[in-house]
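Participant: need a 3D model of the sequence below.
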Amino acid sequence: MLTLKTPITEIHGIGPTNARRLKHLGINTILDLIYYFPYRHDDFSHVVVVSEIQPNEINTIKAKIQLINNRRSFRRRMFITEGLVADNTGSVKVVWFNQPYLTKILKPGDQIILSGKVDSDHLTPQFISPIYEKVKKEQLHVGRIVPVYSTTENLTQKQIRFFIKSVLFLIKEIKDFLPEVVKKENNLMDLPIALKQVHFPDNQLILQKAIHRLKFDELFLIQLGALQSKKYLQKAKSPAIKFKELTTKKFVKSLPFELTDDQRKASWEIIKDLEKGKPMNRLLEGDVGSGKTVVAKIAMLNTVKNGFQTAFMAPTEILALQHFNNLVLFLKDFNLKIGILTHSQIKTNFSEKISKGRMLKMAESGEIQIMVGTHALIQENVRFKKLSLVIIDEQHRFGVEQRKTLREKSSKQHQLIPHLLSMTATPIPRSLALTIYGDLDLSILLHQPKDRLKIITKIVSPENREKAYQFIKNQIREGRQVFVICPLIEPSDKLGVKSVKQEYEKLDKNIFPDLKIGLLHGKLKPREKEKIMEDLKNNKINILVSTSVVEVGIDIPNATVMMIEGAERFGLAQMHQFRGRVGRSKYQSYCFLFTESESQKTDQRLNALVKSENGFELAEYDLKLRGPGELYGLRQSGLPDLKMASLTDVALIKQTRAAAQNLIDQDPELKNYPLLLQKIAEFQNSIHWE
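Facilitator: Residues are numbered from 1 along each chain as shown. Just a heads-up that it's a prediction; the model follows:
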């Protein structure tokens with residue numbers, strides 16, 4: 001007996017080959033199939049008679065096949081299937097290309113429905129490669145509003161529709177998790193009806209209601225999760241960390257630069273949060289190079305000088321090592337014990353050689369005051385004596401469960417929730433931040449330090465490539481260094497984009513044979529990456545060819561040229577991150593955008609990057625143009641992978657937030673809604689917040 005959990009391999013008509021193809025789309029069970037939504041709908045519901053056909057437009061007709069046969073076109077090297085169909089008002093010719101099997105499926109006398117463009121360039125109008133289906137009790141592919149799905153190689157739209165239609169009877173088993181009061185107040189249709197109608201709608205009005213219901217569900221679940229998290233944190237307790245004014249002033253005075261007003265304001269917001277004894281839950285957003293880590297150091301310094309410990313987590317080992325070295329340098333006058341623990345790095349600022357066991361003991365005893373590492377800090381057998389502040393760089397969705405894990409890592413005498421400071425250099429538009437990080441308070445660093453020179457950004461056309469190479473040579477002669485970014489690691493003829501390996505070979509052998517060129521990408525081993533970064537830092541590498549690994553945090557002040565290959569393949573916000581890898585010193589810096597694309601849309605987007613230095617403006621622009629899925633390039637931002645809703649729909653975001661707030665106000669624990677609680681947990685797990 002089929003159920004919602006039944007694997008797709010047990011559905012009649014889905015053999016092993018199609019099962020593999022469906023799994024490629026993330027479809028493993030019948031429930032996955034039902035929740036595999038169309039990305040658009042084609043309206044073929046308006047059926048006309050032959051005499052009403054409009055040339056050069058999409059038409060749908062119901063007619064009888066008069067004639068159908070194949071002929072071989074030797075000039076074009078293909079089979080051409082030609083047919084004549086008719087109704088009471090007239091007849092029209094139909095042509096299909098390279099589908100000779102049609103004469104075995106369609107026979108004279110068959111009643112069919114056709115949808116497609118009618119070409120009037122010939123002597124008589126004719127349908128060119130229309131969609132067809134024999135007339136039956138219920139049409140799936142024509143003569144109705146037809147769903148169109150994202151598909152994969154050798155899996156057709158007709159197959160996906162057929163598979164989904166064959167399991168829709170199980171929709172009755174799907175329980176509607178939305179409380180009746182929410183549905184009534186927001187005028188929402190029942191879930192089983194919405195699921196049926198989104199696949200095979202009766203009309204446009206009911207389709208729009210179904211889509212609205214499914215969008216509402218996704219945004220509502222995000223909002224409820226955020227509000228629940230906020231409620232939990234409001235009840236929890238954290239160490240009250242007193243402001244160490246003299247220590248803080250000494251640190252600020254020791255800096256080789258002056259704090260910006262934004263940095264001062266953000267630092268003060270964090271200090272006030274830490275004093276409260278309630279868990280701080282703050283996101284520090286700052287454009288590239290705006291100085292977030294200095295603000296974080298002030299928070300760390302106050303925490304450890306109150307006798308507590310700090311954990312500083314970074315997304316990569318390269319970045320963790322950079323943060324460790326940076327902390328050791330900037331906090332050298334404050335007699336602190338700082339350690340780093342990653343897969344390949346175990347050391348402290350007072351001992352280069354140390355065993356992992358010894359490091360774990362020092363963390364557990366409280367001897368290590370600041371521990372830097374990757375996400376492994378909370379996953380491995382690490383224990384702290386008094387962990388009171390967690391700082392996370394570029395991993396924003398550090399939720400309630402992770403905090404509980406960290407609390408359990410502290411000694412039994414210190415069962416308090418650590419304060420949390422998340423940092424991101426990815427500029428997130430406010431509308432998005434309020435949705436995704438509704439449980440976080442925001443501090444924003446908008447302005448750059450005063451001494452920074454504007455990075456000169458230029459679009460380089462193919463004919464100017466040689467000039468750009470010559471400019472790069474001149475920069476290297478002056479002692480500077482260069483980044484070259486490529487979209488992919490392996491060669492890909494299909495996409496026609498440059499791979500990092502191909503580019504490395506080309507630059508190393510043909511363009512700059514006399515220069516030292518390095519290669520960096522995510523598939524290298526940690527020690528290999530570390531060696532390359534060390535060589536780059538010591539100016540042993542002139543040009544680093546890399547994938548988007550360098551997007552976040554890498555700091556090489558001597559680098560003055562950022563060259564982006566296949567620029568049309570990246571989001572604006574991501575290219576702004578790349579650009580931020582240069583311009584970190586007194587030297588004038590440059591960003592060159594290489595593209596083979598001649599499309600007007602590409603030109604508009606790249607010109608936006610040329611004109612604007614403001615990451616927040618660029619993120620807003622990309623959000624409108626490309627949508628949230630593309631905003632951060634390779635999805636490193638914790639953005640939910642929503643199936644129906646758009647994070648740009650501000651009106652619906654407000655509606656779902658109000659609905660979620662009303663429900664939480666009435667039932668803070670959602671005890672009366674077990675189905676809803678279960679759905680929140682499933683949904684948050686499915687979108688991989690962490």
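Participant: tell me the domain boundaries of the chain?
Facilitator: Here the chain is described, according to automatic domain parsing, as comprising the domains 1-42+147-171, 46-143, 175-235+655-690, 245-445, 456-631.
Participant: what's the end-to-end length of the fourth one?
Facilitator: The straight-line separation of the ends of domain 245-445 (CA to CA, to the nearest Å) is 22 Å.
Participant: residue 591 contacts residue 559, doesn't it?
Facilitator: No - here residue 591 lies out of contact with residue 559, judged by CB atoms under 8 Å, at a distance of 11.1 Å. Where C-beta positions appear, they are placed from N, C-alpha and C, glycine not excepted.
Participant: now for these two: what residues contact both?
Facilitator: By CB atoms under 8 Å, 6 or more residues apart in numbering, residue 591 and residue 559 have these common neighbours: residue 582.
Participant: list the buried residues for the longest helix belonging to the chain?
Facilitator: Secondary structure assigned by DSSP state H gives helix 204-235 as the longest helix of the chain. By neighbour count with 16 or more other CB atoms under 10 Å, helix 204-235 contains the buried residues 206-207, 209-230, 232-233.
Participant: swap in stretch 654-669?
Facilitator: 655, 656, 657, 659, 660, 663, 664.
Participant: which one of these is nearest residue 28?
Facilitator: The shortest approach to residue 28 among the buried residues of stretch 654-669 belongs to residue 656, at 28.5 Å (CB to CB).
Participant: got the angle between the one helix or strand that closest one maps to and helix 204-235?
Facilitator: Secondary structure assignment for residue 656, by DSSP states H and E: helix 650-666. Relative orientation of helix 650-666 versus helix 204-235 (axes from the mean of the first three to the mean of the last three CA atoms, to 10 degrees): 50 degrees.
Participant: so how far is helix 650-666 from its chain's centroid?
Facilitator: When C-alpha coordinates are averaged (CA atoms, centre = their mean, to the nearest Å), helix 650-666 and its chain have centres 24 Å apart.
Participant: A helix includes residue 71, no?
Facilitator: No - for residue 71, which was evaluated using DSSP: H, G, I helix; E, B strand; the rest coil, the result is strand, with no helix membership.
Participant: tell me, how many residues neighbour it?
Facilitator: 9 (other CB atoms under 10 Å).
Participant: list the residues that contact it.
Facilitator: Taking CB under 8 Å, 6+ apart as the definition of contact, the neighbours of residue 71 are 79, 80, 82.
Participant: buried subset of those?
Facilitator: Of those, these count as buried by 16+ other CB under 10 Å: 79, 80.
Participant: now, the contacts of residue 71 that are in strands?
Facilitator: Using DSSP state E, 79, 80, 82 are the members of the contacts of residue 71 that sit in strands.
Participant: what's opposite the last one in the beta bridge?
Facilitator: Beta-bridge partners for residue 82, by DSSP bridges, are residue 69, residue 95.
Participant: wait, it touches residue 94, no?
Facilitator: Yes - taking contact to mean CB under 8 Å, the distance of 7.2 Å between residue 82 and residue 94 places them in contact.
Participant: so is residue 171 in a helix, a strand, or just coil?
Facilitator: Using three-state DSSP, the secondary structure recorded for residue 171 is helix.
Participant: state the distance from it to residue 650.
Facilitator: When distances are taken as CB to CB, to the nearest Å, residue 171 and residue 650 turn out to be 31 Å apart.
Participant: what's the answer for residue 263, then?
Facilitator: According to CB to CB, residue 263 stands 30 Å off from residue 650.
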